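Trainee: One predicted model, sequence on top.
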Amino acid sequence: MKGFGIDFGTTNSLIAYFNPEIAQEPGAFMDAGRPHPSLVWYKPDSNQPVVGWEARKQMNQVENRMGHCFVHSVKRLMAEEREVPIIGTTRKPAREVGADILAHLLGHARKTLPVAAQGLDSCVATVPVNSSGRYRRELRRAAELAGLHVESFTHEPFAAVFGWFFAQKTDLHRLPPTKVLVFDWGGGTLDITLVQVQDGRIFELGNSNLDHCAGNEFTDKLTGLVRDKFVKRTGLTVDKLILDAEARDRIWVNVEDAKIKLSEDASAQVNVPNYTYQEGNIYDLSENVARQDYEERLKSDVDAAKAKVYDCLHRAGVEAASVDLVLLIGGTSRTPLVHQMMHEVFVTKVVPVKDADSIIAKGAAVIAAHKWKPYLVKPVTVKLADKSFLSLFKHGQTLAAPLASKSFTFYCVDGRNGSAHLLFYEQQRPNDAAIQKSLNCNLSVPTAQTVRTVSDLDRIMVSCYVTQDLTIQVEAMSSSQGSKESVEIQDICYGLEIA
Amino acid sequence: MDSKSPDANLDSTIYLASNVWTRPDGEEPSPWEAVEHVPGDLRVQFLGASLDKRNIALTLNTRQQEELTAYLFWLPHGAEVKLTTIPTRKPDPGRT
């Protein structure tokens, strides 16, 4: 009984280990008390990439940087299966950059691991809520390259619930029914999950997420604010600013630091020597930014986040007042404006999380060590023409090996627009088909357009199966057209039986 | 296709009617069972029936009659019809 948990983040990453036979709570392999920046430094004269804090320090210092390359936020690039320019014309798949980060984490962990765990090579990896199946497969491949087998995935905020309760030394079996909302706003995404703890089971009631509106965008907004102040002070024009790659790297590091500082202080200083040049003059950037000005630019994002909180509650069919506990994690959640918004919604339910940086990795390590298998919480259904719903997979369906599969035959009862629509829903409560929520996920299957008699009605053959990536793959084809279409449903609620 | 792809999100499920049907137990239906669920205007085409009121009342079920009226007068083809009657399934003749 032991396992690794991995929190692979856009800004920071961490690995944790848990063996309940030798310790009461999991341990995370931090670097001097901090998580490892998800930043990789490729040097022209070395095949060995430098990862984490050392790369971050150097990003602001390396001079004469011809050929040096710093890659950050690779998690987003992996989701798009992109390639990253490394040295000169050399390019690398984003997953290989991800593998470099994971290898660094694993190497760091193995140096300090107990001897009994040295041979351990499997883990539970955390992923954002509603992350695509493609990203999960890329993360799995990156982990394999780093020498780790991903046993299963779990949502980042869901893992945080385990990390929290283990840190509190709570006996989950004796805990009265409790609803926990996790608000995880990191560098890449905002992920919100409402979790129910009840009768030896922990399961998701609802999820919600916001893509491309997170720490990276906040850094861009703060960079814009700093640049505006610089332009105003120097009288230069924005469209004539010349920034080389080095200046862009240095301002990124400095603005990131200022952003963290603004979470606690009313103002922060950003200094970037040799920021730009114009008409033979070199300009240094040295600007002081006030938190008030910064937060002014974030207001619409925080409003969007608040809407997502209500979206999560709505999907779960739960009122804000019924939530027992709210955990704010992720770097972006430290922004005072975010705190204020969450306190407005949940009043006193928001509790401070001391080990917010490591709570996700620790939670994943707990799940890995116990080898708890996920099951489907909300039946996944297809809407039928008579407005009833057919359940593809029912409540309790195991989402682990052996992976379930099913086949169905539908009739397209109106093919005049040339396609059959499979509209996917989730049933809000296991035994009550009355409330169905759209998964915003459709599959259009080409059909014959001319339907003159009953015998022209197209049959739609559908196969659906649970994947090892905690998703449901649906494939369908019509009897007349024969082209196979598929969709992957990843936005599903699942739970773990811990009894 | 990924369910997160922009294409999937564009096709909002709010106004799109489902045009597939199968038996509630997941068993394969016959086309004659399925025909009870084709939209009213298509059912009329199948039967070659005129839009004579009596003919319609005899050949279309209540849901199909409502759909026929909606598609003829105010709804675009394929949009979901808000029924004033509760949709009911016909008893399955082949099963007890």
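Mentor: Happy to help now that I have it.
Trainee: pull the helix or strand with minimum mean pLDDT from chain B.
Mentor: Using mean pLDDT, DSSP states H and E, helix B:6-10 stands out as the lowest-scoring helix or strand of chain B, at a mean of 37.
Trainee: The helix or strand following that one and chain A, are they touching?
Mentor: Later in the chain than helix B:6-10, the nearest helix or strand by DSSP states H and E is strand B:20-21. Yes: applying CB under 8 Å from any CB of the partner chain, one finds strand B:20-21 in contact with chain A at B:20-21. No exception for glycine: its C-beta is placed from N, CA and C like everyone else's.
Trainee: Residue A:94 touches residue A:139, doesn't it?
Mentor: No: counting by CB atoms under 8 Å, residue A:94 does not reach residue A:139; the two are 10.5 Å apart.
Trainee: For those two, work out which one has more neighbours and name it.
Mentor: residue A:139 (26 against 23; other CB atoms under 10 Å in any protein chain shown).
Trainee: State the distance from the more buried one to residue A:479.
Mentor: The spacing between residue A:139 and residue A:479, counted by CB to CB, to the nearest Å, is 38 Å.
Trainee: now do residue A:26
Mentor: 53 Å.
Trainee: do residue A:12 as well
Mentor: Distance from residue A:12 to residue A:479, by CB to CB: 52 Å.
Trainee: if you count what's nearby, which of the two comes out ahead?
Mentor: residue A:12 (23 against 15).
Trainee: Quick check: residues of the stretch 1-150 of chain A near chain B?
Mentor: Going by CB under 8 Å from any CB, the residues of the stretch 1-150 of chain A near chain B are A:130, A:132-134.
Trainee: In the stretch 1-150 of chain A, what residue comes closest to chain B?
Mentor: Closest approach between the stretch 1-150 of chain A and chain B, counting by CB to the nearest CB: residue A:132, at 4.7 Å.
Trainee: Tell me the predicted confidence for that residue.
Mentor: Residue A:132 carries a pLDDT value of 92.
Trainee: Surely it is in contact with residue A:487?
Mentor: No: look at residue A:132 against residue A:487 with CB under 8 Å: they stay out of range, at 11.4 Å.
Trainee: can you pull out the helices in the stretch 1-150 of chain A?
Mentor: For the stretch 1-150 of chain A, helices defined by DSSP state H, counting those that start in this stretch occupy the ranges A:53-59, A:74-79, A:94-112, A:133-146.
Trainee: for the longest one, which positions count as buried?
Mentor: By neighbour count with 16 or more other CB atoms under 10 Å in any protein chain shown, helix A:94-112 contains the buried residues A:94-106, A:108-110.
Trainee: go on, the first one?
Mentor: Within helix A:53-59, the residues scored as buried using 16+ other CB under 10 Å are A:55-56, A:58-59.
Trainee: for chain A, what's the longest strand?
Mentor: strand A:432-446 (DSSP state E).
Trainee: where do the contact lists of residue A:94 and residue A:139 overlap?
Mentor: Shared contacts of residue A:94 and residue A:139 (CB atoms under 8 Å, 6 or more residues apart in numbering or on different chains): residue A:78.
Trainee: could you list every residue that touches the closest residue to residue A:28 other than its chain neighbours?
Mentor: Computed as CB to CB, 6 or more residues apart in numbering or on different chains, the closest residue to residue A:28 that is not its neighbour in sequence is residue A:358, at 3.7 Å. Residues counted as contacts of residue A:358 (CB under 8 Å, 6+ apart) are A:7, A:14, A:16, A:28, A:30, A:35, A:163.
Trainee: go with 10 Å
Mentor: A:5, A:7, A:12, A:14-16, A:26-30, A:33-35, A:160, A:163, A:167, A:329, A:365 (CB atoms under 10 Å, 6 or more residues apart in numbering or on different chains).
Trainee: Sort out which of those are buried, if you could.
Mentor: Burial by neighbour count, 16+ other CB under 10 Å: within the contacts of residue A:358 this picks out A:5, A:7, A:12, A:14-16, A:26-30, A:35, A:160, A:163, A:167, A:329, A:365.
Trainee: Which ones among those residues lie within strands?
Mentor: A:5, A:7, A:12, A:14-16, A:27-28, A:329.
Trainee: Which pair of these spans the longest distance?
Mentor: A:27 and A:329 (18.0 Å; CB to CB).
Trainee: Any figure for the gap between residue A:195 and chain B?
Mentor: The gap separating residue A:195 from chain B is 22 Å, by CB to the nearest CB, to the nearest Å.
Trainee: I'd guessed that residue sits against residue A:177; true?
Mentor: No: Residue A:195 is not in contact with residue A:177 according to CB atoms under 10 Å; the separation is 11.5 Å.
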